[in-house]
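Enquirer: Any chance you could fold what I've pasted below:
(one chain, ligands or ions: 3)
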Amino acid sequence: MMRAQFLTCCLMMLMVVAHVKGQALAGIGVNWGSLASHPIEPSIVVNMLKDNGIKKIKLFDSDSWTVNAFAGTDIEVMLGIPNDQLNRFARSFNDAKDWVKHNVSKHLGNGGVNIRYVAVGNEPFLKSYNDSYIKPTLPAMQNIQKAIEEAGLGGQVKVTVPLNADVYESHSNMPSDGGFRSDIYDLMIQILRFLNNNKSPFLVNIYPFLSLYQSQDFPQDFAFFDGGKTIADRNNQYTNVFDANFDTLLWSLKKAGYPNTTIVVGEVGWPTDGDKNANNNNAKRFNQGFLKKMASKKGTPLHQGPIEAYLFSLFDEDLKSIDPGNFERHWGIFRFDGIPKYALDFTGQGREKMPIGAKGVQYQERKWCVLRKDGNDMNEMVNALSYACQGADCSSLAPGGSCGKVDLPHRTSYAFNQYFQVRDQSVDACDFSGMGQIVSDDPSSPNCFFAVEIQSSAHLLKAGHVVTVLFINAFLFMFLNFM
Ligand SMILES: *[C@@H]1O[C@H](CO)[C@@H](O)[C@H](O)[C@H]1NC(C)=O
Ligand SMILES: *[C@@H]1O[C@H](CO)[C@@H](O)[C@H](O)[C@H]1NC(C)=O
Ligand SMILES: *[C@@H]1O[C@H](CO)[C@@H](O)[C@H](O)[C@H]1NC(C)=O
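Expert: Ligands and ions are numbered 1, 2, ... in the order given. The predicted structure is shown next:
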């Protein structure tokens with residue numbers, strides 16, 4: 001009897017524990033970008049999200065294969081409309097209606113997809129876009145909103161726009177001096193009015209990593225949530241740049257006359273490669289700290305209470321532009337193949353706990369392409385390395401990257417392998433005028449990982465896309481380092 005009771009009690013406790021373990025913190029979602037040469041099959045990704053208890057996902061497009069994978073789950077989905085579509089939807093209400101019909105309405109209903117938001121554009125006011133999207137963004141949002149209302153979904157699906165944190169600024173760096181950027185001030189007011197009228201949230205991407213990356217003088221600890229540094233602004237003490245940034249936005253909203261706007265953090269995270277500050281330890285420190293902070297529901301000095309936020313990002317994406325920096329392809333909490341990189345407790349309790357990886361990912365054969373050992377001339381190596389890196393992701397070779405310190409023959413091998421894997425291990429892709437060689441012994445070293453690609457979920461792979469994007473992103477400085 002005693003024993004039976006004991007067993008029942010403990011089984012129940014175990015069940016409770018298991019249940020808690022499986023639930024990510026409420027209000028926390030993850031971004032899932034699609035700029036990977038070998039994307040993981042959506043159904044595998046959806047199972048992985050369920051295994052980790054993640055209930056909210058933010059996409060950058062509305063690919064129907066991906067969106068359909070969420071049908072029948074309770075995972076809340078944010079669809080995206082890429083910037084290059086803004087002009088089209090700004091110009092044509094019919095196109096907007098068509099888009100809503102095929103990309104939103106189609107997925108809803110019983111057993112359908114829980115679509116909650118449509119993000120129109122992505123950081124369209126970034127200064128590097130040279131004002132290209134200043135004009136079409138709001139009209140596109142208005143047309144999509146109108147189309148959603150006409151489809152009878154006005155209460156259910158909210159239209160917003162993810163904005164980069166440089167839409168506001170503070171010349172003194174004090175949150176209380178914050179205000180919207182003067183060149184887009186009037187537009188921001190109109191967008192706030194739109195969001196307010198439609199009860200849509202203000203979506204902002206906040207990157208303490210970039211504060212550190214962009215300024216040599218930035219106090220490193222202030223980028224994290226456990227640092228000692230404090231900055232006083234009026235009566236408030238700031239212990240981290242995330243809070244300071246968030247409150248700069250709150251001040252900007254207040255001064256603009258929209259103090260009650262709901263803020264959702266569209267992207268927040270830390271990369272693991274391609275820069276001296278980008279590594280697993282820092283990413284873990286930042287993300288664990290962030291989730292613990294969110295679990296405490298303390299908010300920021302100006303905003304008490306929970307904050308809704310989407311971590312950036314699920315997987316590494318080897319086709320992302322590295323114009324902003326070599327770290328861009330390494331934001332994943334999980335590697336390109338769905339293996340978790342570091343301990344992260346999605347419940348926000350800060351436990352040393354690896355996320356659950358993707359199950360059922362198929363790899364290509366266990367083989368690699370490396371430089372032949374004998375008779376390599378330095379110039380030939382430099383040229384071959386340069387050629388390979390123009391057609392593959394070599395961002396881990398960048399200064400501060402995980403393979404940044406290996407010698408020239410190893411760099412060349414690394415580049416050869418990247419080129420070979422992204423081309424699905426085609427024999428031709430390991431030629432390099434006879435300098436390449438296919439091997440079956442893993443050439444990885446503790447500080448430089450040689451990948452074996454996964455089998456591509458081919459539907460997502462647009463022909464020609466890989467090579468074009470990678471060529472655009474060719475970067476030569478790495479090779480010049482040697483000369
Ligand atoms: C989204 O809508 C457009 C129409 O605007 C349609 O051409 C496209 O196929 C839709 N996308 C998907 C993935 O269904
Ligand atoms: C913006 O302008 C600069 C300088 O004119 C140019 O180099 C860059 O390519 C432009 N970027 C875009 C996205 O048009
Ligand atoms: C913001 O909310 C507060 C408290 O609910 C309210 O008193 C105030 O009038 C609101 N301000 C605006 C501009 O809507």
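Enquirer: Ligand 1 contacts on the chain?
Expert: Residues of the chain lying close to ligand 1 by Cβ under 6 Å from any ligand atom are 62, 63, 64, 95, 98, 99, 102, 103. In this view, the C-beta of every residue, glycine as well, is placed from N, C-alpha and C.
Enquirer: Let me have these in CSV, extended by secondary structure, neighbour count and pLDDT.
Expert: As requested, these are exported to CSV (DSSP: H, G, I helix; E, B strand; the rest coil; neighbours: other Cβ atoms under 10 Å; pLDDT from 0 to 100):
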residue, secondary structure, neighbour count, pLDDT
62, coil, 21, 98
63, coil, 18, 96
64, helix, 14, 95
95, helix, 17, 98
98, helix, 13, 98
99, helix, 22, 98
102, helix, 12, 97
103, helix, 19, 98
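Enquirer: so where do the helices sit in the stretch 301-450 of the chain?
Expert: With DSSP state H, counting those that start in this stretch as the criterion, the stretch 301-450 of the chain has helices at 378-390, 408-422.
Enquirer: So which elements touch the last one?
Expert: Going back to what we said before, that points to helix 408-422. Counting contacts by 3 or more Cβ pairs under 8 Å, 6 or more residues apart in numbering; DSSP states H and E, helix 408-422 is packed against strand 368-371, helix 378-390, strand 436-439.
Enquirer: In CSV: those, plus mean neighbour count.
Expert: Formatted as CSV, those follow (neighbours: other Cβ atoms under 10 Å):
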stretch, mean neighbour count
strand 368-371, 25
helix 378-390, 19
strand 436-439, 18
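Enquirer: Indicate which one of the helices of the stretch 301-450 of the chain is closest to residue 312.
Expert: helix 408-422 (23.0 Å; Cβ to Cβ).
Enquirer: Now for the residue lying closest to residue 316 once chain neighbours are set aside: which residues touch it?
Expert: In space, not counting the residues next to it along the chain, residue 316 is nearest to residue 332; the distance is 3.9 Å by Cβ to Cβ, 6 or more residues apart in numbering. With contacts defined as Cβ atoms under 8 Å, 6 or more residues apart in numbering, the neighbours of residue 332 are 272, 313, 314, 315, 316, 317, 341.
Enquirer: re earlier: can you put the helices of the stretch 301-450 of the chain in TSV and add mean pLDDT?
Expert: Formatted as TSV, those follow (pLDDT from 0 to 100):
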stretch	mean pLDDT
helix 378-390	96
helix 408-422	97
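Enquirer: Format those helices as JSON lines; extra columns: distance to residue 217.
Expert: Compiled in JSON lines, these are given as follows (distance: least, Cβ to Cβ, whole Å):
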{"stretch": "helix 378-390", "distance to residue 217": "32"}
{"stretch": "helix 408-422", "distance to residue 217": "31"}
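Enquirer: Give me the below-cutoff pLDDT ranges for the protein.
Expert: Within the chain, the ranges that satisfy pLDDT under 70 run 1-21, 457-483.
Enquirer: in the helix or strand hosting residue 191, what counts as buried?
Expert: Using DSSP states H and E, residue 191 maps to helix 185-197. For helix 185-197, the neighbour count (16 or more other Cβ atoms under 10 Å) marks 187, 188, 191, 192, 194, 195 as buried.
Enquirer: what does stretch 331-343 give?
Expert: 331, 332, 333, 334, 335, 336, 337, 338, 340, 341, 342.
Enquirer: go on, stretch 33-43?
Expert: Of the residues in stretch 33-43, those buried (16+ other Cβ under 10 Å) are 33, 34, 35, 36, 37, 38, 39, 40, 41, 42.
Enquirer: Alpha carbons of that stretch, as PDB, please.
Expert: Listed next in PDB are the C-alpha coordinates belonging to stretch 33-43 (Å, rounded to 0.1, in the frame of the first residue of the first chain):
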ATOM      1  CA  GLY A  33      14.800  31.800 -41.600                       C
ATOM      2  CA  SER A  34      15.000  30.100 -44.900                       C
ATOM      3  CA  LEU A  35      18.300  31.200 -46.400                       C
ATOM      4  CA  ALA A  36      20.000  27.900 -46.100                       C
ATOM      5  CA  SER A  37      21.300  25.800 -49.000                       C
ATOM      6  CA  HIS A  38      20.100  22.600 -47.400                       C
ATOM      7  CA  PRO A  39      17.000  23.400 -45.300                       C
ATOM      8  CA  ILE A  40      15.700  20.800 -42.900                       C
ATOM      9  CA  GLU A  41      12.300  19.300 -43.800                       C
ATOM     10  CA  PRO A  42       9.500  21.400 -42.200                       C
ATOM     11  CA  SER A  43       7.800  18.400 -40.600                       C
END
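Enquirer: isn't residue 73 right up against residue 43?
Expert: No: counting by Cβ atoms under 8 Å, residue 73 sits too far from residue 43 to count as a contact (10.6 Å).
Enquirer: what does the helix or strand hosting residue 140 contact?
Expert: Assigned by DSSP H and E, residue 140 belongs to helix 137-150. The contact list for helix 137-150, computed with Cβ under 8 Å, 6+ apart, reads 81, 85-93, 95-97, 99-100, 104, 118, 120-121, 124-125, 154, 157, 159-161, 187, 190-191, 194, 198.
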